[in-house]
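Visitor: Using only what follows, build the 3D model:
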Amino acid sequence: IHFMKEGTDINAEDAQFELDIDTIKEIIREGIAPELKENKKIKLIEEQLSKNKLTKPVVIPTEVDISKVKKIKEDKEFTDYDALDTIVIGICGGDGIGPIITKESERVLAFLLKDEVASGKVKFKEIDGLTIENRAACNKAIPDDVLAELKKCHVILKGPTTTPRAGDPWPNVESANVAMRKELDLFANMRPVKVPEEGIDWTFFRENTEGGYAIGSYGLNITDDLAVDFTVATQEGCERIARLAYEYAKKNNKGKVSIITKANIIKTTDGKFLKTAQKIGEEYPDIVTDDWYVDITTAKLIDPARRKDFKVFVLPNLYGDIITDEAAEFQGGVGTAGSANIGKKYAMFEAVHGSAPRMIKEGRGQYADPCSMLRASVMLLSHIGFQKQANALEAALDKCMLEEKKLVVTGRSDGCTCSEFGDYVMETITEMTK
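Guide: Below you'll find the predicted structure:
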């Protein structure tokens, strides 16, 4: 529990106490009841109340503390991949169709980077153990030994993982994706969407570690009639996602950055995000900054006249999750979109879709579509400095998926297999780079 004066935080270390959940609920409902006053921790709180004239109780889960902000401030520089003797690419298959599409993408990457692998500049590292069976057995989102292996890599190509839900035979472990973003501090989720014939060339920068997802499992049922959840925005967290979006716009000659919030209603956290991003935008006078509320943004993305004006978006976590799925539909759905999760030390690249356990159950795994994972591989190549190979793969995918369509993945036996499509892409690269 963290007590504060109206409008003024006091020292977080002095004001934060570990209390059992029933005590916290009682204090929120009734204030400090007489029968609680013998509790030593309650006496400490009373001293703070008396000493500082504190009036407003706010629950803060102990996981959200000043240590996160300190760590963000300490991590100043991004990894310089050119300076590394060897770039280690982790290959982590995940669940369901994940190992199939990840293996195919690794095969295409190895084809594109064969000279770099031969010279020792690039090394692939296979990482097992992120299956739902292993995570359930360890009762952890990411088992300790798997996390240690992930941290030995510079970038990770990750297949989709299964997150248990009500009715599943697994314990309620946290999402592996959410855990990986927090453990590796992958603060930016970057998703490009491109449909040239519609004039769509969008890049989304979604804040990845804060907002409503940061402590989504720490909500409280205060009474049977009242439930409370939390959302988080730190100054450093807002600054770094905004700066990454503007730097991308600058380097890629994008003329506009659009800030998406609901700051007219969610005034504190969304307000901080908006004001911080606008302040960063002032440092880039050649880039136009505008801001939109998230609800009207969803409408304007389907407005043919307006949507061509959008270039780069920067959004808090929840809005980014929703808007990027809508945007992916324009280029054929989430199965066609790749995703990059970027931090200063690590980066992880993945398909946007899930693990499709039904395909495995029905014996159709070999017909899984690798396109989303291959789009993620384009971003991986670009991120580690191999832009020529990234451009070759992107051009080949555009030709195979959108133009020529010599082979089509349908997810069933009436279409090509995952490996056949991989062969098609590599043959196309060879033809286009002659």
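
Visitor: Which helix or which strand is home to Ser258?
Guide: strand 256-261 (DSSP states H and E).

Visitor: Pull out the buried positions in that strand.
Guide: Residues Val257, Ser258, Ile259, Ile260, Thr261 are the ones in strand 256-261 that count as buried (16 or more other Cβ atoms under 10 Å). C-betas here are computed from N, CA, C, even on glycine.

Visitor: what do you get for stretch 132-147?
Guide: Using 16+ other Cβ under 10 Å as the test for burial, stretch 132-147 gives Ile132, Asn134, Arg135, Ala136, Cys138, Lys140, Ala141, Ile142, Pro143, Val146, Leu147.

Visitor: again with stretch 171-187
Guide: In terms of neighbour count (16+ other Cβ under 10 Å), stretch 171-187 has its buried residues at 173-182, 184-187.

Visitor: With stretch 214-232 instead?
Guide: Going by 16+ other Cβ under 10 Å, stretch 214-232 has these buried residues: Ala214, Ile215, Gly216, Leu220, Phe230, Thr231, Val232.

Visitor: The second one and Lys361: what is the separation?
Guide: Pointing back at Ile215 there. Using Cβ to Cβ, to the nearest Å, we find Ile215 at a distance of 34 Å from Lys361.

Visitor: The stretch 101-250 of the chain: helices as residue ranges?
Guide: For the stretch 101-250 of the chain, helices defined by DSSP state H, counting those that start in this stretch occupy the ranges 114-119, 132-138, 144-150, 176-183, 235-251.

Visitor: What residues of the longest one count as buried?
Guide: Yep, that's helix 235-251 we're talking about. Glu236, Gly237, Cys238, Arg240, Ile241, Ala242, Arg243, Leu244, Ala245, Tyr246, Tyr248, Ala249.

Visitor: Can I get those residues in a markdown table including pLDDT?
Guide: Listed next are the buried residues of helix 235-251 as a markdown table, based on pLDDT from 0 to 100:
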| residue | pLDDT |
| --- | --- |
| Glu236 | 90 |
| Gly237 | 92 |
| Cys238 | 95 |
| Arg240 | 94 |
| Ile241 | 96 |
| Ala242 | 97 |
| Arg243 | 95 |
| Leu244 | 93 |
| Ala245 | 96 |
| Tyr246 | 96 |
| Tyr248 | 91 |
| Ala249 | 94 |
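
Visitor: Just the residues contacting stretch 96-108, thanks.
Guide: Stretch 96-108 has contacts (Cβ atoms under 8 Å, 6 or more residues apart in numbering) with 91-94, 124, 157-162, 351, 354-357, 359-360, 365-366, 368-370, 372-374, 376-377, 393, 418-419, 421-422, 425-426.

Visitor: out of those, which are inside helices?
Guide: Using DSSP state H, the members of the contacts of stretch 96-108 that fall in helices are 357, 359-360, 372-374, 376-377, 393, 418-419, 421-422, 425-426.

Visitor: which SS state does Asp290 fall under?
Guide: Secondary structure for Asp290, judged by DSSP: H, G, I helix; E, B strand; the rest coil, is strand.

Visitor: let's number from 610 now, not from 1
Guide: With the count now opening at 610, the last piece we talked about shows up as Asp899.

Visitor: mind showing which ranges of the stretch 810-959 of the chain have poor pLDDT?
Guide: 825-827, 943-944 (pLDDT under 70).

Visitor: Sketch out the strands for it, chain order is fine.
Guide: Using DSSP state E, counting those that start in this stretch, the strands found in the stretch 810-959 of the chain span residues 829-832, 835-837, 865-870, 897-902, 921-924, 947-951, 956-960.

Visitor: who wins for proximity to Asp777 among those strands?
Guide: Closest to Asp777 of the strands of the stretch 810-959 of the chain, according to Cβ to Cβ: strand 956-960, at 20.9 Å.

Visitor: Can you spell out which helices and strands pack onto the closest one?
Guide: Counting contacts by 3 or more Cβ pairs under 8 Å, 6 or more residues apart in numbering; DSSP states H and E, strand 956-960 is packed against strand 764-767, helix 785-792, strand 947-951, helix 980-992.

Visitor: Turn these into a markdown table, including distance to Asp810.
Guide: Compiled in a markdown table, the helices and strands packed on strand 956-960 are given as follows (distance: least, Cβ to Cβ, whole Å):
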| stretch | distance to Asp810 |
| --- | --- |
| strand 764-767 | 25 |
| helix 785-792 | 26 |
| strand 947-951 | 15 |
| helix 980-992 | 15 |
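
Visitor: Now do the buried residues in stretch 872-891.
Guide: Ala872, Ile875, Thr878, Asp879, Gly880, Lys881, Phe882, Leu883, Thr885, Ala886, Ile889, Gly890.

Visitor: Good, we can wrap up now.
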